[in-house]
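**Student:** Mind looking at a prediction? Sequence and model below.
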Amino acid sequence: MKPFIVIRPQPGCDATVAAAEALGIEARGFPLFTVGPIAWEAPDPAGIDALLIGSANALRHGGDDLARYRGKPAYCVGEVTAEAARTAGFDVVATGRGGLQAVLDGVPPEHARLLRLAGQQRVRLTAPQGVTLAERVVYASASQPVPPDLAALLAAPAVVALHSAEAARHFAAECDRLGLARGAIALAALGPRVAEAAGDGWAALVAAATPDDGALLALADDLCHSSDGAQPERPISMQEEAPAPSFVPPRRAAAAPRSARTTLIVALIAVLVGGALAGWLVWRGDLDAVLPTREAAPAPAVPAVAPAASPVPATAAGIEANVDAMETRVAILDKRLGQLGIDADAAAGQATRAESLLIVAATRRLIEKGAPLGAIGDQFKLRFGDSQPNAVKTVLDAAKSPVTLDELSARLDALGPGLTNTPESGTTWTRVRSELSNLFAIRRESGRAADPRARLERARLMLGAGKAEAAIAEVEALPGADGAASWIAAARRYDATQRALDLVETAAILTPVRKTAAIAAQP
């Protein structure tokens with residue numbers, strides 16, 4: 001098994017190493033960063049509604065000015081950061097798992113004035129509309145060179161955990177400076193952005209499914225036990241990396257539900273006690289009395305000497321380590337099930353959008369055929385009646401007295417001769433002057449011909465292309481347009497119906513897809 005190396009700053013380094021050892025992973029800690037405070041100017045607490053915190057380091061190194069904001073709501077990334085905020089006297093209202101931007105996007109209007117406490121190297125955030133974000137840098141991390149002991153370990157195949165993009169870039173630069181072969185080192189990154197910062201050429205480069213140490217250690221376990229250069233059979237998540245959330249074993253971080261944890265501990269203790277009792281019975285030779293039907297081979301004589309100690313096969317410390325390891329695996333499974341729930345919810349939202357578009361398409365097809373809507377009309381009204389009431393009313397009214405494109409074309413052909421002829425009215429001189437004026441037409445070279453027959457032909461072409469509004473304009477300019485009043489009214493009804501269907505279709509496309517919130521309120 002390849003060694004697992006943690007390079008994040010303290011105290012997170014020791015926490016990750018302890019959690020890895022509880023899972024049976026051979027882990028070593030070499031912090032390549034030291035974190036220290038930076039002097040900062042605290043804004044007036046009266047102008048701050050809530051705090052936005054992406055790392056527990058902001059609370060460890062924020063100094064005495066943090067006391068001015070005690071009692072205010074806090075939005076945090078990671079359970080460890082949230083626990084540090086509670087200890088510091090803040091009211092944690094939400095803990096995110098998808099990075100600070102996801103947390104920021106979910107802040108309610110009553111907390112629109114936010115104060116972000118961050119490190120010198122931080123992710124750039126975009127405040128939603130109506131939210132103001134004041135940023136204060138309260139700590140900074142300084143990189144350290146790779147020590148000789150770590151360089152010796154990295155000369156052989158090893159697995160390295162990367163908790164931030166800054167750590168990934170620094171580690172890659174140190175490997176190149178010391179001439180260490182990237183092809184012998186596998187990297188387990190906290191997220192895709194961290195993995196991208198490490199560059200290429202490594203034996204393996206994978207990103208955790210969720211930005212927490214539970215998912216990261218699951219990857220590390222695969223990498224440490226995989227053959228050299230082999231990628232683990234685990235999908236890479238494209239979820240954005242959160243700023244270095246520290247890991248605490250689930251017994252302390254309450255990652256699993258209390259009832260499941262208690263049940264697991266009781267079951268494990270029962271198994272251990274049962275094993276100890278069975279061993280004691282075997283030692284006493286009384287197992288045949290308990291299981292009389294079992295044919296046991298003759299056992300050698302055992303001296304009648306009382307044992308010096310209880311034969312229980314595990315110490316209290318070993319039991320606690322096994323409980324922590326099993327609870328960690330339960331927590332990892334719980335997080336994976338949560339991700340599956342998010343994916344299922346998003347898929348349900350996409351299905352709802354597709355169903356809405358299908359209803360619009362079916363309604364449009366029946367309208368164009370002049371057929372009654374029937375049950376489709378009921379679904380159309382139920383789905384869009386509240387969001388687009390005027391458009392829905394226009395479509396349903398049109399379905400009661402349908403006008404089709406074929407009908408408009410046939411009626412236009414029938415009206416054609418009357419539309420192109422000049423009405424027989426006025427004096428003889430007026431008619432003669434009209435005929436003479438039609439002999440010559442002065443127009444711009446790029447302009448359209450004013451001949452009534454040309455206009456009628458353009459109206460037919462526009463109608464055939466579904467451009468009813470343009471066809472109406474051409475017909476209204478014809479000499480006999482007064483005789484086409486009913487056709488124009490029908491064409492306008494057809495055009496209004498198509499516009500209403502377009503509006504409803506656009507609304508169906510732009511309807512937001514349902515998603516599980518990226519943050520959840522703390523109990």
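**Tutor:** Received the coordinates, thanks.

**Student:** got any ranges where the stretch 201-350 of the chain has weak pLDDT?
**Tutor:** Scanning the stretch 201-350 of the chain for pLDDT under 70 picks out the ranges 227-264, 266, 280-324, 338-339, 341-349.

**Student:** for the chain, same thing?
**Tutor:** In the chain, residues with pLDDT under 70: 97-98, 227-264, 266, 280-324, 338-339, 341-349, 422-450, 511-523.

**Student:** mind giving me the domain ranges of it?
**Tutor:** Following automatic domain parsing, one finds the domains of the chain at 4-32+144-248, 34-143, 254-295+310-335, 359-432+449-510.

**Student:** most packed of the ones you listed?
**Tutor:** With neighbours taken as mean count of other C-beta atoms under 10 Å, those reach their highest mean count in domain 4-32+144-248, at a mean of 20. For glycine as for every other residue, the C-beta is placed from the backbone atoms N, C-alpha and C.

**Student:** Quick one: distance of that domain to the chain centre.
**Tutor:** 24 Å (C-alpha atoms, centre = their mean, to the nearest Å).

**Student:** out of the domains of the chain, which comes closest to residue 353?
**Tutor:** domain 359-432+449-510 (6.6 Å; C-beta to C-beta).

**Student:** rewinding a little: CSV please, covering the domains of the chain and showing distance to residue 353.
**Tutor:** CSV is the format used below for the domains of the chain (distance: least, C-beta to C-beta, whole Å):
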stretch, distance to residue 353
domain 4-32+144-248, 22
domain 34-143, 21
domain 254-295+310-335, 28
domain 359-432+449-510, 7
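
**Student:** wait, what's in contact with the residue lying closest to residue 483 once chain neighbours are set aside?
**Tutor:** Nearest residue to residue 483, sequence neighbours excluded (C-beta to C-beta, 6 or more residues apart in numbering): residue 418, at 5.0 Å. Taking C-beta atoms under 8 Å, 6 or more residues apart in numbering, we find residue 418 in contact with 480, 483-484.

**Student:** which residues in the stretch 251-400 of the chain form helices?
**Tutor:** Along the stretch 251-400 of the chain, counting by DSSP state H, counting those that start in this stretch, helices occupy 258-284, 287-290, 316-369, 375-384, 389-400.

**Student:** Check whether residue 503 sits in a helix, strand or coil.
**Tutor:** Secondary structure, DSSP: H, G, I helix; E, B strand; the rest coil: residue 503 is helix.

**Student:** any idea which of the contacts of residue 418 is closest to residue 207?
**Tutor:** residue 484 (67.3 Å).

**Student:** The closest one reaches residue 415, doesn't it?
**Tutor:** Yes. Using C-beta atoms under 8 Å, residue 484 is in contact with residue 415, at 5.3 Å.

**Student:** Residue 159 versus residue 116, what's the distance?
**Tutor:** For residue 116, the distance to residue 159 (C-beta to C-beta, to the nearest Å) stands at 33 Å.

**Student:** now residue 86
**Tutor:** Residue 86 is 33 Å from residue 159, by C-beta to C-beta.

**Student:** now residue 390
**Tutor:** Taken as C-beta to C-beta, the span from residue 390 to residue 159 is 62 Å.

**Student:** What backbone torsions are found at the nearest residue to residue 31 once chain neighbours are set aside?
**Tutor:** Distances taken as C-beta to C-beta, 6+ apart place residue 13 nearest to residue 31, at 4.7 Å, with adjacent residues excluded. Taking degrees, to the nearest 10, you get phi -60, psi -50 for the backbone angles of residue 13.

**Student:** Please report the distance of residue 13 from residue 30.
**Tutor:** 8 Å.

**Student:** Can you check which residues contact both of the two?
**Tutor:** 6-7.

**Student:** for the stretch 101-250 of the chain, what spans make up the strands?
**Tutor:** Secondary structure of the stretch 101-250 of the chain (DSSP state E, counting those that start in this stretch): strands located at 113-119, 132-143, 158-162, 185-189, 204-207.

**Student:** Including distance to residue 405, could those go into TSV?
**Tutor:** Formatted as TSV, the strands of the stretch 101-250 of the chain follow (distance: least, C-beta to C-beta, whole Å):
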stretch	distance to residue 405
strand 113-119	55
strand 132-143	54
strand 158-162	62
strand 185-189	58
strand 204-207	54
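
**Student:** who wins for proximity to residue 9 among those strands?
**Tutor:** strand 132-143 (6.1 Å).

**Student:** Direction included, what does that closest one pair up with?
**Tutor:** For strand 132-143, the paired strands and their directions (DSSP bridges) are strand 33-37 (antiparallel), strand 113-119 (parallel).

**Student:** Endpoints of stretch 199-207, how far apart?
**Tutor:** 13 Å (C-alpha to C-alpha, to the nearest Å).

**Student:** same question, stretch 392-408
**Tutor:** So stretch 392-408: terminal residues 23 Å apart, C-alpha to C-alpha.

**Student:** Please tell me how far the closest residue to residue 336 other than its chain neighbours sits from residue 221.
**Tutor:** Counting by C-beta to C-beta, 6+ apart, residue 336 lies nearest to residue 209, which is 6.8 Å off, once chain neighbours are set aside. Applying C-beta to C-beta, the value for residue 209 to residue 221 is 13 Å.

**Student:** Repeat that for residue 147.
**Tutor:** 25 Å.

**Student:** Hmm, residue 73 and residue 93 touching each other?
**Tutor:** Yes. Assessed by C-beta under 8 Å, residue 93 is found in contact with residue 73 at 4.6 Å.

**Student:** Mutual contacts of the two, please.
**Tutor:** residue 50.

**Student:** nearest residue to residue 363 other than its sequence neighbours?
**Tutor:** residue 380 (4.9 Å).

**Student:** What's the end-to-end length of stretch 99-109?
**Tutor:** Counting by C-alpha to C-alpha, you get 20 Å between the two ends of stretch 99-109.

**Student:** Spatially, and excluding backbone neighbours, which residue is closest to residue 402.
**Tutor:** Residue nearest to residue 402 in three dimensions, not counting chain neighbours: residue 370, with 3.9 Å by C-beta to C-beta, 6+ apart.
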